[in-house]
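Asker: Here is a sequence together with a model predicted from it:
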Amino acid sequence: MADLDGTSRRDEDEVCPICKSSRYLNPDMRFLINPECYHRMCEACIDRLFTSGPNSCPVVGCKKTLRKNRFRTQTFEDISVEREVDIRKRVMGILNRREDEFDSKLDWDNFLEQRETMIMNLVTGTDVAKTEADLRKYEASNLDSIRANKMRETQESSSFLEQQSFEQEQARLRRMAARDEYEREHRDLLASREETLSKLASGRPSDAASIAREGQKILLKKSSARRSEEERLRQKQASLRGEKSKKQSLLATAVADADADAEPSLIKGLKKVSIPEPEKPYDPFGGLEPGRRDYYVLQDHYPSSWLEQARNNATFAAGGFDVKEYYSRTLLEAFAGLGCFIDDEVTKRENAKKASIATKGAAQQAATVRASDDVF
């Protein structure tokens with residue numbers, strides 16, 4: 001009886017609720033579902049009812065408007081699992097925050113719990129209107145950050161696949177390179193040995209040591225050339241990895257910029273995004289103003305009898321002497337010490353010296369007490 005019940009239930013599932021056609025009579029029938037209501041119907045009824053445009057669901061009691069382009073093949077056998085998977089995918093596509101965007105692990109766990117609660121509300125039909133309203137409001141106010149996080153996720157998945165294929169290709173190339181290197185070294189060794197033997201056979205006995213040294217130098221030169229080529233390849237791979245990390249940091253910056261403009265009220269515990277100040281132009285003087293004078297005003301002329309000759313004689317000007325430059329330097333040296341307070345500097349230095357002496361004395365006393373305890 002159980003088998004008969006199971007068979008009748010399967011037969012009922014394989015019957016279109018609209019045209020009552022059975023797959024038993026038409027094995028080529030294909031059933032599709034729409035994520036609006038998840039009612040199964042055959043492809044012929046879908047073409048007949050929804051080709052001309054949107055239409056209401058033909059199932060009795062369902063008033064939802066369906067469109068032909070939304071119909072798709074059912075993935076899971078249980079339609080409730082199919083519906084939960086679609087809801088979970090939609091909610092997680094909107095609430096796609098990442099752990100590094102939260103202040104603490106507790107805030108991240110609270111966000112995961114909040115997201116799971118909203119998914120269960122939609123699956124079980126609890127507070128559906130409020131949950132949908134919260135999702136729409138959050139999506140409208142955080143559209144830029146949602147897009148940026150989707151871009152980061154896509155980039156990470158593609159980078160992972162690229163990294164896997166790259167590592168596999170590199171392993172294959174390393175194996176081939178190791179095999180080629182071994183064969184090349186073996187050939188070079190044999191060629192060098194034959195060349196050395198031919199030179200020894202044609203040369204004089206006194207030239208044996210020099211011929212051996214020359215062959216060794218050739219082998220060392222070839223091995224150093226191979227090592228430099230390997231080092232160049234490693235540097236190139238490191239630069240490629242640096243470019244990938246730079247792209248990921250740019251995506252993270254895009255997420256931060258999007259969060260700076262949005263004010264999410266649904267999610268709590270997000271990090272406060274602080275936009276860095278623009279870098280100031282380079283100041284070669286370190287904040288000092290060359291023409292600044294705090295304690296005096298430079299005049300164009302100062303009466304001085306012994307400067308009259310330098311002021312009126314063209315010979316001094318031809319040699320590069322400038323009276324105004326002399327005025328500026330003299331007044332700067334005269335007022336240079338007004339901003340320095342020697343007593344305060346000496347007091348600070350003496351206090352620091354006393355503190356260091358006291359620290360050393362305490363350390364010596366502690367060492368003495370420890371030594372006496374060890375003796376007893």
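Answerer: Cool, the structure landed. Numbers count the residues shown, from 1 in each chain.
Asker: Residue ranges in the stretch 51-200 of the chain under the pLDDT threshold?
Answerer: Along the stretch 51-200 of the chain, segments meeting pLDDT under 70 span 196-197, 199-200.
Asker: ignore the last one, the stretch 251-376 of the chain
Answerer: Counting by pLDDT under 70, the ranges of the stretch 251-376 of the chain that qualify are 251-265, 273-275, 285-286, 288, 290, 339, 355-376.
Asker: And for the nearest residue to Leu298 once chain neighbours are set aside, the neighbour number?
Answerer: By the measure of C-beta to C-beta, 6 or more residues apart in numbering, the closest residue to Leu298 outside its immediate chain neighbours is Ser328, 5.9 Å from it. Glycine gets a C-beta too; all of them are placed from N, C-alpha and C. If you count neighbours by other C-beta atoms under 10 Å, Ser328 ends up with 14.
Asker: Against Ala317, how distant is Ser328?
Answerer: Distance of Ser328 to Ala317, given as C-beta to C-beta, to the nearest Å: 16 Å.
Asker: and the residue nearest to Leu298, what are its phi and psi?
Answerer: According to degrees, to the nearest 10, the main-chain angles of Ser328 amount to phi -60, psi -50.
Asker: got it, and Leu270?
Answerer: For Leu270, the backbone dihedrals (degrees, to the nearest 10) come out as phi -70, psi 150.
Asker: how far away is it from Arg98?
Answerer: Applying C-beta to C-beta to Leu270 and Arg98 gives a distance of 10 Å.
Asker: what about the helices in the stretch 201-350 of the chain?
Answerer: For the stretch 201-350 of the chain, applying DSSP state H, counting those that start in this stretch gives helices covering 208-261, 308-312, 314-318, 323-335, 342-375.
Asker: and if you look at the stretch 1-150 of the chain?
Answerer: Taking DSSP H, counting those that start in this stretch, the helices of the stretch 1-150 of the chain run over residues 2-13, 43-50, 79-94, 105-124, 128-141, 143-202.
Asker: hmm, back to that, Leu270 and Arg98: which has the busier surroundings?
Answerer: Legend: neighbour count by other C-beta under 10 Å for Leu270 and Arg98, higher for Leu270 (16 against 13).
Asker: I'd assumed Asp103 was in contact with the more buried one.
Answerer: Yes: contact criterion C-beta atoms under 8 Å: Leu270 and Asp103 qualify, at 7.4 Å.
Asker: what's the span of stretch 297-316 from first residue to last?
Answerer: Terminal residues of stretch 297-316 lie 25 Å apart, using C-alpha to C-alpha, to the nearest Å.
Asker: May I see the buried residues of it?
Answerer: Across stretch 297-316, burial judged by 16 or more other C-beta atoms under 10 Å covers Ala310.
Asker: Run the chain-centre distance for that stretch.
Answerer: Relative to the centre of its chain, stretch 297-316 is centred 66 Å away, using C-alpha atoms, centre = their mean, to the nearest Å.
Asker: Stretch 157-177 now?
Answerer: The answer for stretch 157-177 is 21 Å, by C-alpha atoms, centre = their mean.
Asker: How about stretch 118-131?
Answerer: Its chain's C-alpha centre lies 34 Å from the corresponding centre of stretch 118-131 when counted by C-alpha atoms, centre = their mean.
Asker: Show me what counts as buried in it.
Answerer: Applying 16+ other C-beta under 10 Å to stretch 118-131 flags Met118, Ile119, Asn121, Leu122, Val123, Thr131 as buried.
Asker: Including distance to Asn69, could those residues go into CSV?
Answerer: Shown next, in CSV, are the buried residues of stretch 118-131 (distance: C-beta to C-beta, whole Å):
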residue, distance to Asn69
Met118, 27
Ile119, 25
Asn121, 28
Leu122, 23
Val123, 25
Thr131, 26
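Asker: which one of those sits closest to Lys63?
Answerer: Nearest to Lys63, judged by C-beta to C-beta, of the buried residues of stretch 118-131 is Leu122 at 19.1 Å.
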